[in-house]
Each structure stands twice: as C-alpha cells, then as structure tokens.
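A.B. asks: show me how the following folds:
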Amino acid sequence: MISIIIATYNSGATLQRCLDSIYKQNFTSYEILIKDGGSTDNTNEILNNNAEKFYYLKSSRDNGVYDAWNDCLKKINGDWFIFLGSDDYFEDSDFLFKMNNYFLNASKNTKIFYGKNKIISDNGDFISVVGDDWDIAKKKINSVMTIRHPGCFHHKSLLELVGYFDDKFKIVGDHHYILRSLKFGDPVFYPFIGVVHALGGISTNPKLVSRVIHETYKLRRDLKLEPYIIIDSHFIKRIIILCIMFLLGKKYGTKLINFIVLKKK
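C.D. replies: Sure thing, here's the model as predicted:
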C-alpha cells in the first residue's frame, strides 16, 4: 500500500490534473489523503466531486503545508508515503507499478527512494529534468535540497525514527526532514522521471526568497551544520533577486526575474 498525501489551498486550476494522474495508475494499491487549508476558490467543489476516491479528506485552516502533511500522516495505512503538490502530477500511468517493484526488492535499511523530476513553469512550459544519483546528490545535500521532494517515497518506519515535520518551517521543512532521515540510512535513486513538478513562486516572490534565507539559517542551526550561513551560488542568487525586486519594484522586478529564471516574458 502506498499513501499519497496532497495539501491543497486555492488549487482549483491544477488539482484535477493531479488527481487524474493518480487515477490513471495501473497499480491500484494506494490511498489518497488530502488536507485543504480552507480554500476560497473552487478547490472544495473539486474535492467534493472526487471525495469517494479519497481515504481521508479534511478542510480547515492550518499552519501551512507541513502542518497539513502531519495531519494526513497520522491517518496513513501505507508502508510507503509520498507527497504531491496540487500542481504536480505523475508522468506515466505505470509509475507506481514500477516503484512497487523497487519496494519489494528494497533492503530493510532503505527508508527513502527518490528519482528524477521534470520541471515545468506555472503555465506548463518545459524547463528541465533534475535528479542525480546519490553519489552526486550526497555531496551537497547538507546545503542544498538535492533530493527533489515530489516523487520522493518515505518508509512508514521513519515516523517512529524521525517523527513528523517541524511546522515552524514554511518552506524548507522537507529539506529539514530529509536531513534528519538520512541518519538512518542512505536513500536509493530511481533513474527515471516519476513526477512532473510545477516551479512556483519562490523564485519571484521577494517575501519567500527572504524567508528561504532565514529558514535555511534556522535549519542549519537546528541540525548543528556549521557554518550556519553558506555564501554559495544559491545564496548569491537569492540576494540578487531581493536587490532586483527592491530596485525595480514588484511589477517590473517580477517580470525580469521570470525572464531570467523561467525564460518567460
């Protein structure tokens, strides 16, 4: 059994596509758990129309995506669990079937599987394929989230070993969770695309970029990873984004960042 967890908030534009990619799977031993944060668009209408296909559904205000995930984690029955963004979707109909074969042959020490992601813009344009073998990904995992969380499967035993997500984080809580999980064994890489992941607003929202910098500092302090601030290409990119937004303002700064980062006019 695979538990698929989705947090939603005003996700009406993309949610049905996400759900349909699950329904098309030729592996049917899964359950869908959804926590909605109190959407005000047509998200609840879509959820209600699909409700009979969900194992768990709850709509109420929460403390962010990690709080929503924790709510669902307390209800899962699966041996493995995966998180999908409401704007993400499975690439192929045989994805879960292929992953189940990995699970059946997994070592007892394997707690995480991760793979390749296809990255698209918020309007569906292809950007890139990301995801590296663990021999490469592990070199920077302490400073950068080199394991893409969409398409990442966690074994249920991690709930006892690691616990739940720390919802004091709003953006980097998945990185925090992965780093805590790695204490119990190396992840296993599957070398194909599992999930198509929509690149959202973190790159172009100055409030979120600033928060990423702050939360990354908190993460490193919490896990005692020194130095607490790393001046690398990711840090410099975020500072440049903040400067552009400050100098040009939100409207023109966002246009420029979109053009540079997403090649979108």
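
A.B. asks: strands of the stretch 1-150 of the chain, start to end?
C.D. replies: 2-8, 30-36, 56-59, 80-85, 89-90, 112-120, 126-130 (DSSP state E, counting those that start in this stretch).

A.B. asks: Leu158: which of the ones you listed is closest?
C.D. replies: Evaluated over the strands of the stretch 1-150 of the chain, closeness to Leu158 peaks at strand 112-120, with 7.9 Å, by C-beta to C-beta. The way it works is simple: take the backbone N, C-alpha and C, and place the C-beta from them, glycine included.

A.B. asks: partner strands of that closest one and their direction?
C.D. replies: Here strand 112-120 is paired, per DSSP bridges, with strand 126-130 (antiparallel), strand 153-155 (antiparallel), strand 188-198 (parallel).

A.B. asks: got JSON lines for the strands of the stretch 1-150 of the chain, with mean pLDDT, mean neighbour count and distance to Phe169 too?
C.D. replies: Putting the strands of the stretch 1-150 of the chain into JSON lines (pLDDT from 0 to 100; neighbours: other C-beta atoms under 10 Å; distance: least, C-beta to C-beta, whole Å) gives the following:
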{"stretch": "strand 2-8", "mean pLDDT": "97", "mean neighbour count": "24", "distance to Phe169": "14"}
{"stretch": "strand 30-36", "mean pLDDT": "98", "mean neighbour count": "22", "distance to Phe169": "17"}
{"stretch": "strand 56-59", "mean pLDDT": "96", "mean neighbour count": "18", "distance to Phe169": "21"}
{"stretch": "strand 80-85", "mean pLDDT": "96", "mean neighbour count": "23", "distance to Phe169": "14"}
{"stretch": "strand 89-90", "mean pLDDT": "97", "mean neighbour count": "24", "distance to Phe169": "25"}
{"stretch": "strand 112-120", "mean pLDDT": "96", "mean neighbour count": "21", "distance to Phe169": "19"}
{"stretch": "strand 126-130", "mean pLDDT": "92", "mean neighbour count": "12", "distance to Phe169": "22"}
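
A.B. asks: with distance to Asp167 as extra columns, can I get the ones you listed in a markdown table?
C.D. replies: Rendered in a markdown table, the data for the strands of the stretch 1-150 of the chain read as follows (distance: least, C-beta to C-beta, whole Å):
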| stretch | distance to Asp167 |
| --- | --- |
| strand 2-8 | 11 |
| strand 30-36 | 12 |
| strand 56-59 | 16 |
| strand 80-85 | 14 |
| strand 89-90 | 25 |
| strand 112-120 | 20 |
| strand 126-130 | 26 |
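
A.B. asks: Leu208: which of these is closest?
C.D. replies: strand 80-85 (14.8 Å).

A.B. asks: name the residues that touch that closest one?
C.D. replies: Counting contacts by C-beta atoms under 8 Å, 6 or more residues apart in numbering, the residues outside strand 80-85 that touch it are 1-7, 18, 22, 69, 73, 99, 103, 113, 149-156, 174, 195, 197-198, 200.
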